[in-house]
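# the following block contains a protein sequence and its predicted model.
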Amino acid sequence: MTSNVSVVPIQQANRDLKQNNDGQNERRNRRALVDIGNLVPAVVETGKPAQISRPVTRSFHAQLVENDKNVKMQKPQTELNNGEVPQKTNEQTPKRRSRKPSKSLTTVLTARSKAACGITTKPKDPVVDIDESDINNELAEVEYVEDIYKFYKLSETEGGLQDYMNSQPDLNAKMRAILIDWLIEVHRKFDLMPESLYLTINIVDRYLSVKRVPRKELQLVGISSMLIACKYEEIWPPEVTDLIAISDNAYPREQILTMEKTILGHLSWYLTVPTPYVFLVRYTKASLPFDSEMENMVFFLTELGLIHYSVIVSNTPSKLAATAVYAARCTLKKTPVWTETLKHHTGYYEHELRECAKSLVSFHECASETKLKAVYRKYVNPEKGAVALFPPARSLVAEGGGANE
């Protein structure tokens, strides 16, 4: 009878048995691992070292040493003196040192860099996001407003107004002041937009800087400049007949229209210019807290500056606007006088504005006494907060400025 069980050959069985015996012999001959530097003696109370059969890390070794110190410190003194009262010694018990977390190299270098730059603490006067409330207002152009004002700053530098009075033999700064004062009065009579006034004065100064004008035509230049500005800014600009009437029929219609064309030709029809007004809107908004009293005071001081030729020719529109905000804050006793937010948005430091601010404050002091009172009459009105009646910041003139550097 044939069996289905397969028989393993004898040679194969012998080979398997030999391999098993060799493996067992090899395991018996293997030596146990000895101390290769990873074992440390543990100190116990008896002082005898004991072998530890587990690898010791650096932290675990430190822990063992610390425990040994604690055991020695906690051992009662009575045991050392055989039950007698322990005697006082001059030796003091060593205090346990608390391990301070180590600082990384990056932390150390960062701290040293801040200390070298004077940045040791957080600024007490952080820059405020003045556009946060207008994030959903599409007309505020929050996404582009910073770039727009950077362009304004660049444009005013490229097309800055030069000293032109020496090239006008028939004119002087006093005549110009009389003209600007009259134009401010006309602007108030017609109840025009503030943009129109600032653009009118800008057109007058730019035209006088490139064209000689006889004295008898100075008022004509002013009327024609206001006509151009109103056509550019106003929805319903005044008609030519209205300008003729308010100038007491000094010039006929044809002469006004001819001067209008002449001015536009000499200015190459370039009317999109950064006047002080565009900077005033931004800088007044950055003067926190913002209120109507502050706004009226800023515009009052700015228009006082517009009348004086020396202020216009020696300061850019942005600097005049920033100075008006600074002088207004001094007048209204705002603290701090100049904030980090204003410094950020205007680009001017306080010391850069003081000289011009002194001039504006001096104009404020004599506003009610001078012959040119158009600005004073405009801002003594309660509708403008009667800010012309506020006492001027005499301390700014006497002591040389505010408290902040």
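Received the coordinates, thanks. What you see is a predicted model, and the numbers here were worked out from it, not measured in a lab.
# tell me where the stretch 101-250 of the chain has helices.
Taking DSSP state H, counting those that start in this stretch to define them, one finds helices in the stretch 101-250 of the chain at 105-117, 145-158, 173-189, 194-208, 218-233, 240-246.
# which other residues reach the second one?
The reference is to helix 145-158. With contact meaning C-beta atoms under 8 Å, 6 or more residues apart in numbering, helix 145-158 is reached by 131, 141, 273-274, 278-279, 282, 316-318, 345, 347. All C-beta atoms are positioned from the backbone trio N, CA, C, and that covers glycine.
# ok, now the shortest one?
Judged by C-beta under 8 Å, 6+ apart, the contacts made with helix 240-246 from elsewhere in the structure are 186, 189-190, 223, 226-227, 251-253, 256-257.
# the helix or strand following that helix packs against which elements?
Following helix 240-246 in sequence order, the next helix or strand is helix 253-266 (DSSP states H and E). With contacts defined as 3 or more C-beta pairs under 8 Å, 6 or more residues apart in numbering; DSSP states H and E, the packing partners of helix 253-266 are helix 194-208, helix 218-233, helix 240-246.
# among these, which is nearest Thr106?
helix 194-208 (52.3 Å; C-beta to C-beta).
# quick one: contacts for the closest residue in space to Leu389 that isn't next to it in sequence?
Take Leu389 and drop its neighbours on the chain: the residue closest to it by C-beta to C-beta, 6 or more residues apart in numbering is Val380, 6.1 Å away. Going by C-beta under 8 Å, 6+ apart, Val380 touches 386, 388-389.
# need the buried ones from the residues you listed selected in ChimeraX.
In ChimeraX syntax, the buried subset of these is picked out as below (16 or more other C-beta atoms under 10 Å):
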select :388
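# out of the contacts of Val380, who's nearest Tyr164?
Among the contacts of Val380, and counting by C-beta to C-beta, the member closest to Tyr164 is Ala388, at 30.1 Å.
# next one: phi and psi at Lys371?
Note on Lys371: its backbone torsions stand at phi -70, psi -30 [degrees, to the nearest 10].
# okay, it: pLDDT?
On the pLDDT scale, Lys371 is placed at 92.
# report how many residues lie close to it.
Residues contacting Lys371 under the criterion other C-beta atoms under 10 Å number 7.
# tell me the contacts of it?
Listed by C-beta under 8 Å, 6+ apart, Lys371 has no contact partners.
# quick revisit: ok, now how distant is the residue nearest to Leu389 from Ala374?
For Val380, the distance to Ala374 equals 11 Å [C-beta to C-beta, to the nearest Å].
# re earlier: ok, of the contacts of helix 240-246, which come out buried?
186, 190, 223, 226-227, 251, 256.
# ok, so of these, who is nearest Asp291?
When those are ranked by distance to Asp291 (C-beta to C-beta), Phe190 comes first, at 27.4 Å.
# leaving out chain neighbours, which residue sits closest to that closest one?
Spatially, and ignoring its direct neighbours in sequence, Phe190 is nearest to Pro238 (5.3 Å; C-beta to C-beta, 6+ apart).
# same check, this time on Tyr348
Leaving aside its sequence neighbours, Tyr348 sits nearest to Ala322 (C-beta to C-beta, 6+ apart; 4.7 Å).
# residue ranges with poor pLDDT in this protein?
Along the chain, segments meeting pLDDT under 70 span 1-61, 68-105, 107-109, 114-125, 159-160, 399-405.
# would you map out the domains in it?
Domain ranges of the chain: 162-266, 276-399, per automatic domain parsing.
# okay, now Asp248: neighbour count?
Counted with other C-beta under 10 Å, the neighbours of Asp248 add up to 8.
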